[in-house]
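In: Requesting a structural model of the entry that follows:
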Amino acid sequence: MLTKGEGLSVRLPQRAQAGGSASCWFSQSCPRPVVSSEHGPCSVATSSADSQSRSLQDCAERGMASKLLDRLRRTLFKEGEHPADADADADEDADGTDDFPESSELEDDTDYVSARLGGTLSFEGDAVLDSEDAGEASGQDSDSDFFGESLDNPCSSTDISPTSPTLKGSNMLTRQLQESWRSLRPRCVSEKLIFEVTDANVVQEMSSKYVLYTIHVIRSGTFDKTPGVITRRYTDFERLHGRLRRRHGDEMEGVYFPRKKLRRNFAAETIAKRSRAFEQYLGHLHSLPELRAAPIFLEFFYLGDLRAGQMLLRVGRYQDAVAALLNALRLQEKLGCQQLLQQQPLQKAHWLFTLAALVSCFQDLDQPTEAQENCDRALQDLAPSPEALKQQPPPPQLHPLLVPLLQANVRLSWKISKDKRRWEALLQDIQELGVDVGSQPNLKECLIKENLEDSEEDAKSKSKGEEHA
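Out: Take a look at the predicted model:
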């Protein structure tokens with residue numbers, strides 16, 4: 001152990017002896033205070049700071065000597081250090097002196113930074129770092145000092161919170177922000193539909209050639225994991241535009257439609273321009289309230305898939321039918337058809353057919369849970385209340401899908417152990433009003449025979465019926 005009056009020899013590491021020079025030794029025998037490095041195992045005794053600096057500067061060009069010189073300078077000239085304290089520190093650190101200063105150099109930096117930043121962050125307004133050493137130097141002579149100073153006066157998030165400045169703890173703050181976001185989200189985010197052309201392919205069929213556009217219907221404002229998808233060609237858009245002009249001439253004033261070209265219809269530039277034009281065209285139509293709810297506009301999106309699903313159901317391709325029917329259901333949901341069931345009977349018929357067809361397909365695919373969910377959903381929109389049912393004169397006029405759906409729901413609920421008493425009671429009430437439940441066709445027979453008309457065909461059939469009357 002080193003004490004006052006003893007000499008000190010500091011040997012530079014081998015890496016500092018570049019150029020083949022002999023080892024540098026520093027010796028001083030006069031009595032002097034011993035100064036201990038703050039973190040390293042080296043202890044240096046020197047008579048004066050000036051003589052030590054001059055000696056070290058002679059070897060400053062040799063590798064690790066420059067770093068050691070810098071460390072000694074910071075140690076010797078540290079503010080507020082007293083010889084008595086230095087002696088005590090030297091006594092404690094002398095036993096741990098390392099024979100290899102280069103390894104201690106590497107370890108010192110890591111220990112120094114970790115000691116300064118080893119505290120616990122506090123989110124309270126007047127928090128301090130309890131783990132910081134109160135006797136450490138205040139000078140900014142390293143990056144760790146800078147970080148430590150920045151953490152001594154933390155700016156808490158709770159201090160700037162506009163809603164609750166007295167909250168304490170990050171968990172409470174996080175909970176408050178989440179609740180605030182949930183309350184503001186419905187008011188801040190406005191949902192709308194985005195029509196995006198994601199693909200355009202040139203199709204050659206026999207003697208005809210056309211471009212088929214793939215369009216994704218996406219609900220904005222939320223992450224839409226299941227966009228609706230349609231594929232249409234130019235003539236489909238042209239037909240939609242003509243029908244809307246005939247039925248809604250006033251609303252269609254000023255709606256631009258891309259004109260057909262006689263040449264370069266299949267050029268990449270033309271296809272790209274038309275893709276953007278179709279996106280803007282559909283977006284413009286959907287932005288007009290009168291056209292957004294028009295049956296012609298709605299059927300342009302979902303009716304093709306609905307008819308395809310019925311055709312696949314007829315031939316027993318249930319898995320393919322489910323894919324088409326689910327896409328039709330997604331499109332109807334995004335377009336808001338469920339909110340129009342009371343005002344537009346044709347859209348109600350299409351909506352109920354979609355759900356009932358999914359029930360039939362899931363039954364044949366032995367997926368009773370999915371079948372029962374869609375059956376429940378259809379009956380929520382179709383089933384009358386017991387009071388409304390009793391007010392009708394016997395036998396009551398019922399929707400052709402009501403009894404088959406009730407029967408299917410009772411069987412499916414029993415199969416998956418779900419409560420079926422409500423639907424059994426409704427079926428019993430219908431039977432008591434004189435309806436022969438046993439003679440009703442099953443659900444698949446009703447779906448196969450259903451005629452899926454569009455709004456124009458429905459209007460023509462009604463006009464013909466009025467003429468014959």
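
In: Any regions of the protein where pLDDT drops low?
Out: Where the chain drops to pLDDT under 70, the residues are 1-66, 76-172, 181-191, 458-469.

In: switch the cut-off to 80
Out: For the chain, the stretches with pLDDT under 80 are 1-191, 221-222, 261-262, 393-396, 455-469.

In: Show me where the stretch 251-400 of the chain has its helices.
Out: 268-287, 289-292, 295-314, 318-335, 345-364, 368-382, 386-391 (DSSP state H, counting those that start in this stretch).

In: With respect to burial, which of those scores highest?
Out: Among the helices of the stretch 251-400 of the chain, the stretch with the highest mean neighbour count (mean count of other Cβ atoms under 10 Å) is helix 345-364, at a mean of 22. (Each C-beta comes from the backbone N, C-alpha and C, glycine too.)

In: Compute the inter-axis angle for it and helix 295-314.
Out: Angle of helix 345-364 versus helix 295-314, following axes from the mean of the first three to the mean of the last three Cα atoms, to 10 degrees, is 20 degrees.

In: Test my guess that Phe278 contacts Val211.
Out: No - the criterion here is Cβ atoms under 8 Å, and Phe278 misses it with Val211 at 10.6 Å.

In: circling back: can you put the helices of the stretch 251-400 of the chain in a markdown table and add distance to Glu196?
Out: Converted to a markdown table, the helices of the stretch 251-400 of the chain look like this (distance: least, Cβ to Cβ, whole Å):
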| stretch | distance to Glu196 |
| --- | --- |
| helix 268-287 | 6 |
| helix 289-292 | 18 |
| helix 295-314 | 14 |
| helix 318-335 | 13 |
| helix 345-364 | 24 |
| helix 368-382 | 28 |
| helix 386-391 | 43 |
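
In: Nearest to Glu179, out of those helices?
Out: Between Glu179 and those, the tightest spacing by Cβ to Cβ is seen for helix 318-335, at 28.5 Å.

In: now the angle from the closest one to helix 295-314?
Out: Using the same axes, to 10 degrees, helix 318-335 lies at 160 degrees relative to helix 295-314.

In: could you say what helices and strands helix 318-335 packs with?
Out: The elements that helix 318-335 packs onto, with contact taken as 3 or more Cβ pairs under 8 Å, 6 or more residues apart in numbering; DSSP states H and E, are strand 208-219, strand 228-233, helix 295-314, helix 345-364.

In: Need the CA coordinates for the shortest one. CSV is fine.
Out: Okay, so that is strand 228-233. C-alpha atoms of strand 228-233 as CSV (Å, rounded to 0.1, in the frame of the first residue of the first chain):
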residue,chain,number,x,y,z
GLY,A,228,-64.0,-5.8,-51.1
VAL,A,229,-62.7,-6.7,-54.6
ILE,A,230,-64.4,-6.3,-58.0
THR,A,231,-63.2,-6.7,-61.5
ARG,A,232,-64.8,-4.6,-64.2
ARG,A,233,-64.1,-3.6,-67.8
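
In: circling back: so which of the helices of the stretch 251-400 of the chain gets nearest Thr231?
Out: Closest among these, once you apply Cβ to Cβ, is helix 295-314, at 8.7 Å.

In: wait, Val410 sits on Trp423?
Out: Yes - counting by Cβ under 8 Å, Trp423 is a contact partner of Val410 at 5.4 Å.

In: Among those two, which residue is more densely surrounded?
Out: When Val410 and Trp423 are compared for neighbours, Trp423 comes out ahead with 21 against 18, by other Cβ atoms under 10 Å.

In: and for stretch 247-261, what are the contacting residues?
Out: By Cβ atoms under 8 Å, 6 or more residues apart in numbering, the residues outside stretch 247-261 that reach it are 234, 237-238, 241, 244-245, 270, 273-274, 277-278, 280-281, 284-285, 288, 290-291, 294, 296.

In: Now do it: distance from first to last residue.
Out: Criterion Cα to Cα, to the nearest Å; first-to-last residue distance in stretch 247-261 is 26 Å.

In: again, but for stretch 221-236
Out: End-to-end distance for stretch 221-236: 29 Å, by Cα to Cα.

In: What are the boundaries of the strands in the chain?
Out: Under the criterion DSSP state E, the chain contains strands at 8-9, 27-28, 34-36, 43-45, 193-205, 208-219, 228-233.

In: buried set for stretch 414-431?
Out: Going by neighbour count (16 or more other Cβ atoms under 10 Å), the buried part of stretch 414-431 is Lys420, Arg422, Trp423, Leu426, Leu427, Ile430.

In: I'd like the residues you listed laid out as JSON lines, including distance to Glu205.
Out: Listed next are the buried residues of stretch 414-431 as JSON lines, based on distance: Cβ to Cβ, whole Å:
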{"residue": "Lys420", "distance to Glu205": "50"}
{"residue": "Arg422", "distance to Glu205": "51"}
{"residue": "Trp423", "distance to Glu205": "48"}
{"residue": "Leu426", "distance to Glu205": "50"}
{"residue": "Leu427", "distance to Glu205": "49"}
{"residue": "Ile430", "distance to Glu205": "50"}
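
In: so which of those residues comes closest to Gln397?
Out: Ile430 (11.6 Å).

In: Correct me if wrong: that closest one contacts Leu389.
Out: Yes - Ile430 is within contact range of Leu389, at 7.0 Å (criterion: Cβ under 8 Å).

In: shared neighbours, these two?
Out: Common contact partners of Ile430 and Leu389 (Cβ under 8 Å, 6+ apart): Pro396.

In: if we can go back for a sec, any chance of the helices and strands packed on helix 318-335 in a markdown table with distance to Asn201 as columns?
Out: Listed next are the helices and strands packed on helix 318-335 as a markdown table, based on distance: least, Cβ to Cβ, whole Å:
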| stretch | distance to Asn201 |
| --- | --- |
| strand 208-219 | 5 |
| strand 228-233 | 9 |
| helix 295-314 | 17 |
| helix 345-364 | 28 |
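
In: Compare these and give me the one nearest Gln339.
Out: Ranking those by proximity to Gln339 (Cβ to Cβ) places helix 345-364 first, at 9.7 Å.

In: and Phe195, which of the helices of the stretch 251-400 of the chain is closest to it?
Out: Set against Phe195 and scored by Cβ to Cβ, these come closest in helix 268-287, at 4.0 Å.
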